[in-house]
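In: Sharing a model prediction with you, sequence too.
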Amino acid sequence: MIRWIQDRKWLSSITLTLSTFLVFGGVDTILQGTNTLLLAAIFSLAVFSAIFYAPAAIALAIIGSILELVLNLQPVTSSLTLGLALYVVAAFGSQQTSRIALIASIGVGSAVVWANTMNSSVGADLYGLILSTEQAKISAFIFMLGSLITANLLFWNAGRLAITNIVHVGTEFDRTIASETQAKLALEVAEQNERFQIARDINELIIQKITAVISQAEGGKYAAQADINSAIRSLDRVVQSAKSAHSELRRLYDMLNKSHELSAAPPSIDDLQQLVILYRELGFSVSLRHDGHRFAISEGADLAIYRIIFDAFENVRKHCQVGTSISLDFSWVKDGLQVLVKDNGIEFANRSATPFGEALPDYNADEDLKSLVEPIKGPGLTAMRERAALYGGSVEATRVPGVGFTISVIFPNLRTHPEV
């Protein structure tokens, strides 16, 4: 409710005001007559004011309670509206304002309870309860006062807890987005670590090439004294070695200047269950299944597979409606692996656009032909193919007419493929 009020203040305030007036005002009219309608209207306006200006809500609550005493009404069900107003004030008002509202609500409520119990004559009827003796009046007062205080404390604490949960803890959706961000950062760290490893290898190669350049240059210096032709050949080798070293330096520079952030540990296939849960929280129906005997693979291949699946899921989220079903299937064979990521985005979109009770539209021959001859392209798919190729794999994307898309990743020799 708090999130709804935050996002749609005018709609929520009008809805709550009218709802409380119609429901509680209607009940009071049945029980005590039409003279309670004015009181119900004032209490409902207190809810409206609580959203925008808490002091006005406190003032209206006091005015309504005084009017209840003046009209000599028994405790009305519209008083429950004040509990809702207290809930809203506790959630959106300052700590001092919410405490004032709590004290005011208990104070004016206690006055109403006192007037309807202790100030009533012996034998008075209070909602069918006959206050036959002074002891009965005292018991009724204590019971009603205790109920009043308990109810107000519950409404106040519920309001404070609700706003604290949203501001400091966050909703399930907020935590889902945080999990998604963490997954992306983990991928970036793992890829950055791989680049550092490659950079170390390139750096070692550059050192060797520079050492060769120095040795060849020194040899050419002595060769020039004996044979000018030998000196020319030595200089050619020096130039070639220097160009090779320059190329490696350029590769190292380009790699280290890619803008990626650092984070924590590399994700793997074992972390896909968290990704599945994440997408379920985002509103997608996701299933994960493993067939065959799973075998150990290198850390780099583990990361590459995770990244390919991550990108495939991101593509579904980008192009398909919430509610789309995604299936993730692993097929482990003797030395290889096939991964299938399938969605029903087209079918789900057609079903959502089709009126209830009508049949889904059939796909036509053009769509069938398009799925067969038109290749699916995109930078994301290209990146998937490059990652799979590092471990001898391939990626194919196909369009299933009337249903959705399928990403097929095949690694024929994943068990025996060397680490990159």
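Out: Sure thing, it's come through.
In: name the helices or strands packed onto the host helix or strand of Thr211?
Out: Assigned by DSSP states H and E, Thr211 falls within helix 172-226. Here helix 172-226 touches helix 228-256, helix 272-281, helix 299-319, going by 3 or more C-beta pairs under 8 Å, 6 or more residues apart in numbering; DSSP states H and E. All C-beta spots, glycine's among them, are computed from the backbone N, C-alpha and C.
In: tell me the mean pLDDT for that helix?
Out: In this model, helix 172-226 carries a mean pLDDT of 70.
In: quick one, that helix and helix 272-281 angle?
Out: Orientation check (axes from the mean of the first three to the mean of the last three C-alpha atoms, to 10 degrees): helix 172-226 against helix 272-281 gives 130 degrees.
In: starting at the chain centroid, how far to helix 172-226?
Out: 36 Å (C-alpha atoms, centre = their mean, to the nearest Å).
In: ok, Leu148 - how many residues close by?
Out: 20 (other C-beta atoms under 10 Å).
In: let me redo that: Leu18
Out: Number of residues near Leu18 (other C-beta under 10 Å) recorded here: 13.
In: Give the closest residue to it in space, chain neighbours not counted.
Out: Spatially, and ignoring its direct neighbours in sequence, Leu18 is nearest to Ser44 (7.6 Å; C-beta to C-beta, 6 or more residues apart in numbering).
In: need the contact list for that neighbour.
Out: 17-18, 20-21, 24-25, 78, 81 (C-beta atoms under 8 Å, 6 or more residues apart in numbering).
In: run the last query once more with 10 Å
Out: Each residue near Ser44 by C-beta atoms under 10 Å, 6 or more residues apart in numbering is listed here: 16-25, 60, 64, 78, 81, 84-85.
In: which of those tops the neighbour count?
Out: Counting neighbours by other C-beta under 10 Å, Ala85 leads the contacts of Ser44 with 30 neighbours.
In: who touches that residue in this structure?
Out: By C-beta under 10 Å, 6+ apart, Ala85 lies in contact with 16, 20, 43-51, 54, 57-58, 60-61, 101, 105, 155, 159.
In: ChimeraX command for the buried members of these?
Out: Provided next is the ChimeraX selection string for whichever of the contacts of Ala85 are buried by 16 or more other C-beta atoms under 10 Å:
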select :16,20,43,44,45,46,47,48,49,50,51,54,57,58,60,61,101,105,155,159
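In: related to what we said a few turns ago, now name the helix or strand holding the residue nearest to Leu18.
Out: Ser44 belongs to helix 37-52, assigned by DSSP H and E.
In: Please save the CA atoms from that helix in CSV.
Out: Below are the C-alpha coordinates for helix 37-52, written out as CSV (Å, rounded to 0.1, in the frame of the first residue of the first chain):
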residue,chain,number,x,y,z
LEU,A,37,-22.7,10.5,7.8
LEU,A,38,-21.1,13.8,8.7
LEU,A,39,-18.8,12.1,11.1
ALA,A,40,-17.9,9.5,8.5
ALA,A,41,-17.1,12.3,6.0
ILE,A,42,-14.8,14.1,8.5
PHE,A,43,-12.9,10.9,9.3
SER,A,44,-12.5,10.0,5.6
LEU,A,45,-11.1,13.5,5.0
ALA,A,46,-8.6,12.8,7.7
VAL,A,47,-7.3,9.9,5.6
PHE,A,48,-7.1,12.3,2.5
SER,A,49,-5.2,14.9,4.5
ALA,A,50,-2.9,12.4,6.1
ILE,A,51,-1.3,11.7,2.7
PHE,A,52,-0.6,15.4,1.9
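In: Give the next helix or strand downstream of it.
Out: Following helix 37-52 in sequence, per DSSP H and E, is helix 54-70.
In: and which of the contacts of Ser44 is nearest Leu303?
Out: The shortest gap between Leu303 and any of these belongs to Leu16, at 50.9 Å (C-beta to C-beta).
In: I'd like the distance from the strand or helix carrying the closest one to the chain centre, please.
Out: Assessed by DSSP H and E, Leu16 sits inside helix 9-32. With C-alpha atoms, centre = their mean as the basis, helix 9-32 stands 34 Å off its chain's centre.
In: average pLDDT for that helix?
Out: On average, helix 9-32 scores 82.
In: cool, and stretch 354-369?
Out: Per-residue pLDDT over stretch 354-369 has a mean of 68.
In: before we move on, back to that, tell me the angle of the helix holding Ser44 relative to helix 54-70?
Out: For helix 37-52 against helix 54-70, the angle by the same axes, to 10 degrees is 160 degrees.
In: The host helix or strand of Val395: partners in the sheet, and parallel or antiparallel?
Out: Secondary structure assigned from DSSP H and E places Val395 in strand 394-400. Strand 394-400 pairs in its sheet with strand 404-411 (antiparallel), by DSSP bridges.
In: give the contact list for Ala183.
Out: By C-beta under 10 Å, 6+ apart, the contact list for Ala183 reads 267, 271, 274-275, 278, 306, 310, 313.
In: Out of the helices and strands packed on helix 172-226, which gets nearest to Ser94?
Out: That would be, of the helices and strands packed on helix 172-226 and by C-beta to C-beta, helix 272-281, which comes in at 33.0 Å.
In: Give the other helices and strands that that closest one contacts.
Out: The contact analysis (3 or more C-beta pairs under 10 Å, 6 or more residues apart in numbering; DSSP states H and E) places helix 272-281 against helix 172-226, strand 285-291, helix 299-319, strand 325-332.
In: Give me the mean pLDDT for that helix.
Out: Averaged over helix 272-281, pLDDT sits at 87.
In: Identify each buried residue in that helix, please.
Out: By 16+ other C-beta under 10 Å, the buried positions in helix 272-281 come out as 272, 275-276, 278-279.
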